[in-house]
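Q: give me coordinates for this.
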Amino acid sequence: MNLKRENFRMVSKLAVIAVGMFAFGYALVPIYKAICEMTGINILSLGERNIPGAKATMPANTQVDASRTITVEFDANSRGPWEFKPAQRSIQVHPGEMATVMYEFKNVQNRAMSAQAIPSYAPMQASTHFNKLECFCFNQYTLLPGEKKSWPVVFVIDPKLSKDVKTITLSYTFFEVGGKTPAAPVADAKAVVPSIEAGS
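A: Numbering: from 1, shown residues only. Below is the predicted model of the structure:
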């Protein structure tokens with residue numbers, strides 16, 4: 001009888017401890033917020049403070065050169081039976097400003113294919129100042145028959161680019177992996193889009 005009573009007491013104590021730990025963990029978030037508000041620690045923006053009329057403001061990007069505008073033109077070359085084109089022909093950006101452009105691809109064959117893209121730039125000096133943060137050219141892709149894909153190109157043009165450069169052409173050649181890799185085309189800034197319209 002004493003053994004049962006001791007076991008019951010032990011189970012009761014463990015249950016109380018478990019409930020207490022759960023309650024403590026649940027209360028940590030409001031306790032942490034209260035401490036942060038009192039001490040001013042870990043306040044990342046005015047929007048996190050409960051101040052009437054206060055608005056969260058993002059700091060200005062001081063690396064953007066708003067005094068210059070560069071036209072970036074987009075080209076696509078298809079080396080095979082598929083559709084490949086940019087969603088828009090060109091955009092205007094400031095050096096240091098992040099921009100995103102989508103490229104569209106469709107496998108019109110009745111078989112799966114693996115493919116990859118090769119980028120090229122015009123003028124050539126722009127290649128070292130054209131920083132791609134995200135690009136489908138970094139990977140190979142397998143597409144099923146009739147499958148469509150849209151891929152982003154996220155880029156920033158280095159403000160150190162020569163001020164003589166006012167137009168940059170980004171050209172992609174999309175080829176099937178496993179065949180002979182084609183040479184990257186020499187993009188012509190004056191004739192950027194005709195090959196797209198002909199193939200689309």
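Q: the closest residue in space to Gln116 that isn't next to it in sequence and Pro152, how far apart?
A: Spatial nearest neighbour of Gln116, excluding adjacent residues (CB to CB, 6 or more residues apart in numbering): Gln140 at 4.6 Å. (Glycine included, C-beta is placed from N, CA and C.) Gln140 sits 17 Å away from Pro152, taking CB to CB, to the nearest Å as the criterion.
Q: same thing with Ser120?
A: Separation of Ser120 from Pro152 (CB to CB) stands at 19 Å.
Q: those two: which is more packed in?
A: With neighbours defined as other CB atoms under 10 Å, Ser120 and Pro152 compare such that Ser120 has more, 18 against 14.
Q: pairing partners for the more buried one in the sheet, please.
A: On the basis of DSSP bridges, Ser120 is bridged to Ser171.
Q: which pLDDT value belongs to it?
A: Here, the pLDDT recorded for Ser120 equals 90.
Q: please apply the same query to the one 4 residues further on.
A: Met124 carries a pLDDT score of 90 in this model.
Q: contacts only, for it.
A: Not one residue lies near Met124 by CB atoms under 8 Å, 6 or more residues apart in numbering.
Q: for it, what are phi and psi?
A: In this entry, Met124 is assigned phi and psi values of phi -60, psi -30 (degrees, to the nearest 10).
Q: how near is it to Asp158?
A: Applying CB to CB, the value for Met124 to Asp158 is 15 Å.
Q: what are the ranges of the strands in the protein?
A: 70-78, 82-86, 90-93, 98-107, 113-122, 130-134, 141-143, 148-157, 167-176 (DSSP state E).
Q: now for the third one, which elements pack on it?
A: Read that as strand 90-93. Judged by 3 or more CB pairs under 8 Å, 6 or more residues apart in numbering; DSSP states H and E, the packing partners of strand 90-93 are strand 70-78, strand 98-107.
Q: so which of the ones you listed is the most surrounded?
A: Highest mean neighbour count among these (mean count of other CB atoms under 10 Å): strand 70-78, with a mean of 20.
Q: and it with strand 167-176, angle?
A: Orientation note: strand 70-78 sits at an angle of 20 degrees relative to strand 167-176 (axes from the mean of the first three to the mean of the last three CA atoms, to 10 degrees).
Q: which elements pack onto strand 70-78?
A: strand 82-86, strand 90-93, strand 98-107, strand 148-157, strand 167-176, helix 194-199.
Q: tell me the mean pLDDT for the third one?
A: Confidence over strand 98-107, taken as the mean pLDDT, stands at 91.
Q: tell me the domain ranges of the protein?
A: Listed domain ranges for the chain are 2-48, 70-199 (source: automatic domain parsing).
Q: tabulate these in CSV, adding columns for distance to Gln63.
A: Shown next, in CSV, are the domains of the chain (distance: least, CB to CB, whole Å):
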stretch, distance to Gln63
domain 2-48, 20
domain 70-199, 4
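Q: what's near enough to touch the nearest residue in space to Gln88 that is not next to it in sequence?
A: Among residues not flanking Gln88 along the chain, Val101 sits closest, at 6.4 Å (CB to CB, 6+ apart). Residues in contact with Val101 (CB under 8 Å, 6+ apart) are Val72, Phe74, Pro86, Ala87, Gln88, Ile91, Pro152, Val153, Phe155.
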